[in-house]
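1. Turn this into a structure:
(chains A, B, C and D)
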There are 2 protein chains.
Amino acid sequence: MLDETECEQARVGRDPAYDGRFFTGVRTTRIYCRPVCPVRPARGANVRFYPTAAAAESAGFRPCLRCRPETAPFCPAWNGSRTTTERALRLIDDGALDSDDASVEALATRLGIGARQLSRLFAKHVGASPTQVARTCRVQRAKRLIDATDLPMVEIATQAGFGSLRRFNTVFAEVYRRPPTAIRRQRPAEDPLTRRRDRAS
Amino acid sequence: MLDETECEQARVGRDPAYDGRFFTGVRTTRIYCRPVCPVRPARGANVRFYPTAAAAESAGFRPCLRCRPETAPFCPAWNGSRTTTERALRLIDDGALDSDDASVEALATRLGIGARQLSRLFAKHVGASPTQVARTCRVQRAKRLIDATDLPMVEIATQAGFGSLRRFNTVFAEVYRRPPTAIRRQRPAEDPLTRRRDRAS
DNA sequence: CGGAGGACGGAGTCCGAATCCGGCGAGCAC
DNA sequence: GTGCTCGCCGGATTCGGACTCCGTCCTCCG
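-> Numbers count the residues shown, from 1 in each chain, chains lettered A, B, ... in the order given. Predicted coordinates for the structure are as follows:
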C-alpha cells in the first residue's frame, strides 16, 4: 500500500499520477474523492485514506459529485471532459468539419455541448482550436495522397477535404514551407510509366 | 419618444427605470435586448434604439436569450430571478421553514434551484438569509398572537412556528429587547372575564 | 460571414466557520 | 405550585468563500 504522507502529498498537489491508486474520505462531510478532485483540498486533520472506492463507501462515505470517484476507471465519466474532447478529435479526423455546410456549432451540438465550451475544451486539452485541428488533418491527408498516389493536385485537394485549390496551396505551404509539388518531386522515383499514366488520368 | 443620448445613458447604466420603455438592437449580432440586460453592453457605435420589441423584431433582430425582451412585462420571465425570490418569500411566510423536517435545501428544491443559489438570491434581493426571514416571520406571528389572544406562551410559540419554547424566548428577546410576557403586560386592559377564560382553555 | 477568444453572469459543489436549535435544569415571579 | 425566563451545551444546519463549469453575448480578425 501507499505511505500516509505520500498520499497526503499527492492529495494537496492533485497529482494525476496517483489517480485511482487511493481515495480520500473527508470526515466533516462524509464524502470521498479522487486525488485529482478540483475542489479545494480539505484540511489534513479531517482526511482519511482508502485504497479503493469500495472501502471508502463501506466506511460510510458518499462519492463526490465533482470528481466521480465511484465510476470505474476507464468509464467515460472518469476522464471528465477529456473524453468529449477525444470524441471531437476523432470526428474531426473523420471529416466532421470538412464538408461545406459543416460548422463548429454543428459539431458541438453532436457532442451535446455548446460551441463555446468545445472551444474551451480544445484550448485546454489540445492547445489548438477545432478549425486548426481540422486544417492539420486535411494537410496530413493531402500529404499522404501526394506520397502514395500520382493524382493531380486538384483531386488531392478535394479528397483531402479542402474546399478550393487556393486554400489547399496556401495552407500546405504554411505547414511545409514549400508548395505541394515540391514534396512530390522529392519522392524516390518509381516506375516512370505508372507515374505518367496516373498523372494524365 | 425618448432622447437618443438619454437611451444611451440608460443602456450603459442598465437603469431599471427605463426597462420596457425602449429596446437596443446590436448591428453586429442582429440581437436586441432590454436596457437591463446583464451582458456586457455593446459598443455604442453598433447600437440602435427601438421603442418596442416588435419594432426591433421587424427590423431583423432576434431577441436576446438572457434578458428575454420578447416576453411581455408581468410575465414571470420578465423579472428573472426576482420572481423566484418572491416565491420563496411567500413560501417562507406560509411556514415552509417552520415544520420540523423542513430545510433550506427542501425549499430550494421546491423552487427548482440549489440551496447555494437560493442563498445568493436572498443575499442579493432581500439582504437576509432564508432562515433569518423565517425567524422574523415567526416573531411577527407570535407578536400578533400575544396582542390578540390570551393563549399561554407555550401555545403561542407552537402556533407561531417555533419548535421549542426555548428558541421562542431567545429569538423574541433579541427582537423586542424584553421577554414575551412584558409585551402582553403593556397591552391595554380588556374584559377580564374573557382574558381569564382564554387563559384557562 | 464564421471562427476565436474575452467578459460576464448563473449555477452547482465542497469546505470550514458560524449559527441555529432543542433539551435540561435552575432561578424567578405571581 | 405553576408557568415563564434564561444559562449552558452538544449536535445539526446554515452561511458564505473559493472554485469550477457552462452558456450567452461581444469584438476582432481572416
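2. roughly how far apart are the residue nearest to the spatial centre of chain A and DNA strand D?
-> Geometric centre of chain A, nearest residue: A:Glu86, 3.8 Å, by Cα atoms, centre = their mean. Separation of A:Glu86 from DNA strand D (Cβ to the nearest atom of the strand, to the nearest Å) stands at 14 Å. Just so you know, the C-beta spots here come from the backbone N, C-alpha and C atoms, and that holds for glycine as well.
3. How about A:Val139?
-> Taking Cβ to the nearest atom of the strand, one finds A:Val139 at 16 Å from DNA strand D.
4. What's the local residue count around the residue lying closest to that residue once chain neighbours are set aside?
-> Distances taken as Cβ to Cβ, 6 or more residues apart in numbering or on different chains place A:Val175 nearest to A:Val139, at 5.1 Å, with adjacent residues excluded. A:Val175: 13 surrounding residues under other Cβ atoms under 10 Å in any protein chain shown.
5. Show me the contact partners of the biggest helix by length in chain A.
-> Across chain A, the longest stretch assigned as helix under DSSP state H is helix A:130-148. For helix A:130-148, contacts defined as Cβ atoms under 8 Å, 6 or more residues apart in numbering or on different chains pick out A:88-89, A:92-93, A:96-98, A:104, A:107, A:118-119, A:122, A:126, A:128, A:151, A:156-157, A:159-162, A:168, A:171-172, A:175-176, A:180, A:183-184, A:187.
6. can you rerun that using 6 Å?
-> A:92-93, A:97, A:104, A:122, A:156, A:160-162, A:171-172, A:175, A:183-184 (Cβ atoms under 6 Å, 6 or more residues apart in numbering or on different chains).
7. Then stretch A:54-74?
-> Counting by Cβ under 6 Å, 6+ apart, residues outside stretch A:54-74 touching it are A:20, A:23, A:25, A:30-34, A:37-39, A:50, A:53, A:77-78.
8. Which of the residues you listed fall in strands?
-> Of the positions in these, A:Phe23, A:Gly25, A:Ile31, A:Tyr32, A:Cys33, A:Tyr50 sit in strands, assigned by DSSP state E.
9. Top of the residues you listed by number of neighbours, please.
-> A:Phe23 (29 neighbours).
10. I figured it hits A:Tyr32, correct?
-> Yes. Taking contacts as Cβ atoms under 6 Å, A:Phe23 lies within contact range of A:Tyr32: 5.2 Å.
11. Spell out which residues of chain A are next to DNA strand D.
-> Residues of chain A lying close to DNA strand D by Cβ under 7 Å from any atom of the strand are A:Pro38, A:Val39, A:Arg40, A:Gly80, A:Ser81, A:Ile113, A:Gly114, A:Ala115, A:Arg116, A:Gln117, A:Arg120, A:Leu121.
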